[in-house]
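Engineer: prediction below, plus the sequence it came from.
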Amino acid sequence: MPTDDQLLAALRAALEPDHREPPEAGVQALRRAAEAAQVKQASVLPMRAGRRRVAAVAVAVAASIVGFGAAQVLEQLRTAEDDGVEEFAVRLRSVDGRRQAEVEGIRVGEGRVIRLKSDDLPILPKGEFYEVWFVGPGDTPASPNRVSAGTFHPDDQGRTSIVLFGAVDPKKLPVLEITAEPGDGNPVPSGPAVLRTQLVVRG
Amino acid sequence: MSEEELHDLVERAQRRDPDAWEALYRRNYRGLFAYSRRRLFSDEAADDAVSETMTRALVAIDRFRWKGAGVDAWLMGIARLVVLEQQRSALRRPVAGLPLPSIEGPLDQVLAAEQAGDVREAFEELSSEDQELLELRVVAGLSAEGVGEVLGKKPGAVRMAQTRALSRLRVALGGVTGAY
């Protein structure tokens, strides 16, 4: 009869993948993202005035999300940050009016930066998260017409201040919705919208 | 790395010091990759998950607070969500296990490979909760405190759950090999 320690050792030997070194491209991409964030760290500005910071964070996020060797994308975004065009700025409210969030959408080059702030979204249980959706006409559970813009969690104090990066055209999917999702592996929206609003898109 | 050195590393990371982020990446890569690889379909997907985890950590590091389990468990908590989201967005199912190693070679290698295969087979019979707890402990190398922080449980409850999971693994191994 094996002891617990023997079982754990057998499990480790059976389950652990082959040893790998961290990919050097990943290390360098993270360093570049840290450098970009470091440069901009001091400029924490109010929502409307903070576009440079939004772009900086988006650059950092994009650098690693898009992948390693994304220097060209980084450079394009850096040069485009001053040309960012605000497409919408809305306040989402819950049906009962008790919850709300401010969301700003800025077109940067071919992409969009979505900045979301809220102080009163409830903290979800471990494993659950909020998801931001752009919803189009005719969206139903049976025939969805929506694109996820990303997921997030409020911090320990229930505050949310996040930046998402995507390429959704809000003119085609003009409703913004936030749902609470269980970590069940199912990509379909799982519950009623926590917050929802119709977007009025400029330009 | 001592506790003091680790606190210093996190402070530098909060100032977005690239050297600190490289150190955090290298320090946590093995555990983050191993956990992600167990649950995603390829090495590349696991590497992407690690990269995404570190990117989110870079954005969120100001919100990190020392609560006992430390920064490694905090990063693993982010990785757990990233993996869940990747599975969710692509309808990917958790991989049952890594490819079995070749069983050709000297006798001790053959025996080790056979034992590893038996252990993997028994492990797959456990519930997803048992599997995740053991993966976090064994594959990701977290302490009971770290696993507790990731799963939202107290360390004592993690230890109890681990004991029960190992008991169930022992029973499952008996079913697989008839030897336990």
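Structural biologist: Here it is on my side, so go on.
Engineer: so where do the helices sit in the chain?
Structural biologist: I'll assume chain A. A:4-15, A:24-40, A:51-65, A:71-80 (DSSP state H).
Engineer: ah, I was thinking of chain B
Structural biologist: Ranges of helices in chain B, per DSSP H, are B:3-14, B:18-39, B:43-60, B:70-90, B:107-124, B:128-134, B:144-151, B:155-177.
Engineer: in terms of mean pLDDT, which of these ranks lowest?
Structural biologist: For the helices of chain B, mean pLDDT drops lowest on helix B:107-124, to a mean of 71.
Engineer: returning to what we had before: highest mean neighbour count out of the helices of chain B?
Structural biologist: Neighbour counts (mean count of other C-beta atoms under 10 Å in any protein chain shown) averaged over each of those peak at helix B:144-151, with a mean of 23. (Each C-beta comes from the backbone N, C-alpha and C, glycine too.)
Engineer: not counting it itself, show me its contacts.
Structural biologist: For helix B:144-151, contacts defined as C-beta atoms under 8 Å, 6 or more residues apart in numbering or on different chains pick out A:126, B:67-70, B:72-74, B:76-77, B:80, B:132-133, B:136-137, B:142, B:153-155, B:157-159, B:162.
Engineer: just want the angle from that helix to helix B:70-90.
Structural biologist: 40 degrees (axes from the mean of the first three to the mean of the last three C-alpha atoms, to 10 degrees).
Engineer: between helix B:144-151 and helix B:18-39, how big is the angle?
Structural biologist: Computed by the same axes, to 10 degrees, the angle separating helix B:144-151 from helix B:18-39 equals 80 degrees.
Engineer: taking helix B:155-177 as reference, get the angle to helix B:144-151.
Structural biologist: 90 degrees.
Engineer: and helix B:144-151, how far out from the chain's middle?
Structural biologist: Distance of helix B:144-151 from its chain centroid, counting by C-alpha atoms, centre = their mean, to the nearest Å, is 11 Å.
Engineer: same check, this time on stretch A:86-93
Structural biologist: Computed by C-alpha atoms, centre = their mean, the chain-centroid distance of stretch A:86-93 equals 16 Å.
Engineer: list the buried residues in that stretch.
Structural biologist: A:E87, A:F88, A:A89, A:V90, A:L92 (16 or more other C-beta atoms under 10 Å in any protein chain shown).
Engineer: with distance to A:Q28 added, can I get the helices of chain B in TSV?
Structural biologist: Output for the helices of chain B, formatted as TSV (distance: least, C-beta to C-beta, whole Å):
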stretch	distance to A:Q28
helix B:3-14	17
helix B:18-39	9
helix B:43-60	11
helix B:70-90	19
helix B:107-124	35
helix B:128-134	32
helix B:144-151	28
helix B:155-177	36
